[in-house]
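1. got a sequence here, can you build the structure:
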Amino acid sequence: MSNFLESEKPHQSAFKQSSPTFNPEARQPGLYKTKYRPFCLPLQHAEQNLFPGIRESALQHFARNEIKWHDGQNGKCSNHMCDSQVCCVNFLFPFADQPEALAQLLRTIYPQLDHMLPVEDGSLVSFEWIGEHNYLGEKISRNGKRTRGANFTSADAIVMFERTDKKRQIVLIEWKYTESYGGTDLKFAKSGTDRTNIYRHLFDHPDCLIRKDLLPNFDSLFFEPFYQFMRQQFLAHEMENAREMGVDIVSLLHIAPSHNLDFKKVTSQALNHLGSSPTEIWGKLVKEEDRFKSVYTEDLFGRLSVEQLPAMSEWLEYIHARYGWVNHKENPSSFFD
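-> From the prediction side, this is the model:
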């Protein structure tokens, strides 16, 4: 269990009681996995887990594009206030119709960014992106449809922009909040399927973006979060090869709180010699430096002010109140150790 998660639960409970963004009924404990919990909302009020300014539009966006809410019911988001997907949407969806603000946010990481481009339905940000095709060869259900946000490799969010050199770039975003991982070997699924057989063709391909010379073996990647990194990097690479949406470059951006120290544990013992955190190790394993970047949530969002984003003042106030850790640097570096 993540220490950061345990510290967030009482904070989120207190926010629910004090914030005017919840109605009285929503302040009651919510049912989550058979128990009523103070850091969860009653299921009938789960939509109040989202910033008020995006509640209706975010729910409509997910429904229109058949995007699955994690732990959601009846078309609503999760009622758990420490939910990572809800956190991601609360931080990023308000930028979906704010091109200048989003460009300003991302230029700190991508200085060549010139202007933002719409991704889907005119929106500058979308979620649970699985690519336009089944690039990874993952098993499709009997109805022939792939599900965004469930059972397929998904990027938590996607943005696209044109660069000053006129190249078009997509950034797939992997968002973390309170996650932590143990050392569970995921090589074999519960069904007995050897997952290495699913992704072997991508790993063995001559243009594979992973530095195989640094790996003891392919199996060493089948521990979270390396398993996620691998699949998302494969997705980004295949999207780039296919020139999805006419882009020239597809890269992966990892965003997580520096305060979540539990996430920094190296879970694959065979990779320990490569670094002290998963993101440091993955940065070394990706051949092209610009195809993977990681940044702390605090460094990306903690510097924002009302003076910079006057049109988003209500959102900023909400973020600072609900996710207070974003205002405090745990580590002076802009990137993971």
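2. surely Gln232 and Phe152 touch.
-> No: the criterion here is Cβ atoms under 8 Å, and Gln232 misses it with Phe152 at 11.4 Å. C-beta here means a position set from N, CA and C on the backbone, and glycine is covered the same way.
3. so for those two, which sits in the more crowded spot?
-> Between Gln232 and Phe152, Gln232 has the larger neighbour count (other Cβ atoms under 10 Å), namely 23 against 19.
4. can you say which helix or strand has the more buried one in it?
-> Using DSSP states H and E, Gln232 sits within helix 226-241.
5. quick one: residues in contact with that helix.
-> Helix 226-241 has contacts (Cβ atoms under 8 Å, 6 or more residues apart in numbering) with 130-132, 135-136, 153, 155, 170, 172, 174, 186, 195, 199, 202, 207-210, 220-221, 247-252, 254, 267-268, 271, 278, 281-282, 286, 291-292.
6. of those residues, which belong to strands?
-> Per DSSP state E, strands hold the following members of the contacts of helix 226-241: Ala155, Ile170, Leu172, Glu174, Ile249, Val250, Ser251, Leu252, His254, Phe292.
7. looking at these, which is nearest Lys35?
-> Glu174 (29.4 Å; Cβ to Cβ).
8. the nearest residue to that closest one once chain neighbours are set aside: neighbour count?
-> Leaving out its chain neighbours, the residue that sits closest to Glu174 by Cβ to Cβ, 6 or more residues apart in numbering is His254, at 4.9 Å. A count of nearby residues for His254, using other Cβ under 10 Å, gives 25.
9. quick one: buried residues of the helix holding Gln232?
-> Neighbour-count burial for helix 226-241, counted by 16 or more other Cβ atoms under 10 Å, picks out 226-240.
10. residues in contact with Asp290?
-> Ile249, Ser251.
11. distance of it relative to Gly131?
-> Using Cβ to Cβ, to the nearest Å, we find Asp290 at a distance of 20 Å from Gly131.
12. one more: Ser251?
-> The value you get for Ser251 to Gly131, if Cβ to Cβ is used, is 14 Å.
13. with Asn241 instead?
-> For Asn241, the distance to Gly131 equals 11 Å [Cβ to Cβ].
14. residue boundaries of the helices in the stretch 1-150 of the chain?
-> Ranges of helices within the stretch 1-150 of the chain are 3-18, 55-64, 84-92, 99-106, based on DSSP state H, counting those that start in this stretch.
15. including distance to Cys77, could the ones you listed go into JSON lines?
-> Below are the helices of the stretch 1-150 of the chain laid out as JSON lines (distance: least, Cβ to Cβ, whole Å):
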{"stretch": "helix 3-18", "distance to Cys77": "14"}
{"stretch": "helix 55-64", "distance to Cys77": "7"}
{"stretch": "helix 84-92", "distance to Cys77": "5"}
{"stretch": "helix 99-106", "distance to Cys77": "22"}
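16. highest mean neighbour count out of the ones you listed?
-> helix 84-92 (a mean of 23; mean count of other Cβ atoms under 10 Å).
17. how big is the angle separating that helix from helix 55-64?
-> 120 degrees (axes from the mean of the first three to the mean of the last three Cα atoms, to 10 degrees).
18. other SSEs contacting helix 84-92?
-> strand 126-129, strand 155-163, strand 168-175, helix 313-322 (3 or more Cβ pairs under 8 Å, 6 or more residues apart in numbering; DSSP states H and E).
19. check the model's average confidence along that helix for me.
-> Taken as a whole, helix 84-92 has a mean pLDDT of 98.
20. how about stretch 192-208?
-> 95.
21. now do the buried residues in that stretch.
-> Result for stretch 192-208 [16+ other Cβ under 10 Å]: buried residues Arg195, Tyr199, Leu202.
22. what of stretch 315-328?
-> Buried, per 16+ other Cβ under 10 Å, within stretch 315-328: Trp315, Leu316, Tyr318, Ile319, Arg322, Tyr323, Trp325, Val326.
23. need the pLDDT of the nearest residue to Tyr296 once chain neighbours are set aside.
-> Excluding its sequence neighbours, the residue lying closest to Tyr296 (Cβ to Cβ, 6+ apart) is Ser258, at 4.2 Å. Looking at Ser258, its pLDDT stands at 96.
24. same question for the one 10 residues further on.
-> Looking at Ser268, its pLDDT reads 96.
25. wait, it sits on Pro225?
-> No: taking contacts as Cβ under 8 Å, Ser268 lies outside contact range of Pro225: 9.6 Å.
26. buried ones in stretch 281-288?
-> Ile281, Trp282, Gly283, Leu285, Val286.
27. shouldn't Asp262 be within a helix?
-> Yes: according to DSSP: H, G, I helix; E, B strand; the rest coil, Asp262 belongs to a helix.
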